[in-house]
Every structure is written in C-alpha cells, then in structure tokens.
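Asker: Need coordinates for the following:
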Amino acid sequence: MQVIGLTGGIGSGKSTVAKLFADLGVPIIDADVAAREVTQPNTAAFASIVKHFGKDILLPDGILNRAKLRNIIFVDAKQRLWLEHLLHPLIQKQMKQQIDQLSAPYCIAVIPLLLEVEFYSFINRILVVDAPEHAQIQRVMDRDNTSKLEIEAILKTQAQRKDRKAHAHDIIVNDGVLADLIPQVEKLHEKYSKIET
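Answerer: Residues are numbered from 1 along each chain as shown. Predicted coordinates:
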C-alpha cells in the first residue's frame, strides 16, 4: 500500500484536504491524533513530560495542557527539541501500527512536521498543501483566537514554503476557496489509486 505523507505549514489547510480525501473513502492516519494517544495519562511519555515540565503543565482534570505546552516549545528551541526527541519515535511507531492494519490502494498520513523531524521511513510520496503566508496567519487567527505574533513565531519553527515545495512529489495549492481544492484532490485520488507499490 502506498503511504502519502500530507504536510504543510500551520493554517495551510491540511485538515481540510485530509477530509476531502476521507470523503472519497481514503483511510487517514493523523500524527496529531497519534501524539494525543501516546501522551494519555498513565503512559510513559506522559510521565516523562510531567517530570520534565512540572505539574503546572497539567489541566485541573489531570490531562496535558497542550496550549501551554505549545507556547513553551515555540519560544524555547531546546524544549521543543527535547519534546520532539521523546515523542516522534512513539508517534511514528503508533502510525506504522495503524497503517499495517489497513487494506486500501493508498492511505494519507497527515504529518505537520514531516520535513522538520527525523524521516518517516514508511512514507512513499510527499503531498504538500501550499498557501500564502498571509492566508495561513489569517486562518489560524480566525480558528484559534491566536495572536499574529504567536503564529509568526510558530511559522519560524517550520520548514519554509520553498523548501517544502522542493521536497514535494505533489502540491495542492490552497490560495482560494474550498471549491478550488476539490478538483485537485480528485485528480490526485485518481493518480494515487493507480500507483503500484
């Protein structure tokens, strides 16, 4: 089975594109979902995170305060690298286990940091969702009620657009409306369904 690594910067439209593939019956494996699964309370990763950052990193109900953790790692590169070193091998393992259980011509693996971290060996092709930076910033501001400064700080930690595009086997351009994405996804779906492993 072909595994298509779907990536793009924050606010580029990865989730929207993934949903369009899902609507066509394509299995979706999401790194963010895997990250939540491997950091549930009572997991080794959860214990390591609490030990490293202290109990202040928890919400009153005892689960990770992901917003607080995100704010820490996007202003402190050392902390970000520590967390990536802990989590990415676990996330990869979790995703690989899920992929191994699938039976389909191909699946989409949504990995926001596909090009920023250690290579995911099970990825066959890279699909980049590309959007202008001003559109990314506006989308995230609208979606998350986040300040422009915070979003710009996150963008600085991510691969640059030109670098992403240089690594891409395929690119979906998301600089307009939803209706513009549908034919791009349908065309790639047809292409991926015919690729032989």
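Asker: Please export the C-alpha coordinates of the helix or strand hosting residue 19 as CSV.
Answerer: Following DSSP states H and E, one finds residue 19 within helix 14-23. What follows is helix 14-23, C-alpha atoms only, in CSV (Å, rounded to 0.1, in the frame of the first residue of the first chain):
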residue,chain,number,x,y,z
LYS,A,14,-4.0,20.1,5.8
SER,A,15,-7.1,19.1,7.8
THR,A,16,-9.5,20.3,5.0
VAL,A,17,-7.6,18.4,2.4
ALA,A,18,-7.4,15.3,4.6
LYS,A,19,-11.2,15.5,5.0
LEU,A,20,-11.7,15.7,1.2
PHE,A,21,-9.6,12.5,0.8
ALA,A,22,-11.6,10.9,3.6
ASP,A,23,-14.8,11.8,1.8
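Asker: residue contacts, the closest residue to residue 92 other than its chain neighbours?
Answerer: Excluding the flanking residues, the one nearest residue 92 by Cβ to Cβ, 6 or more residues apart in numbering is residue 120, at 5.8 Å. Any C-beta I mention is one placed from the backbone N, CA and C, and that applies to glycine too. Residues counted as contacts of residue 120 (Cβ atoms under 8 Å, 6 or more residues apart in numbering) are 5, 92, 95, 109, 111, 114.
Asker: If we use 7 Å, what do you get?
Answerer: The contact partners of residue 120, taken as Cβ atoms under 7 Å, 6 or more residues apart in numbering, are 5, 92, 111, 114.
Asker: so where's the protein shaky on pLDDT?
Answerer: 118, 196-197 (pLDDT under 70).
Asker: show me where it has helices.
Answerer: 14-23, 31-38, 44-53, 66-75, 77-100, 133-144, 148-157, 161-167, 178-194 (DSSP state H).
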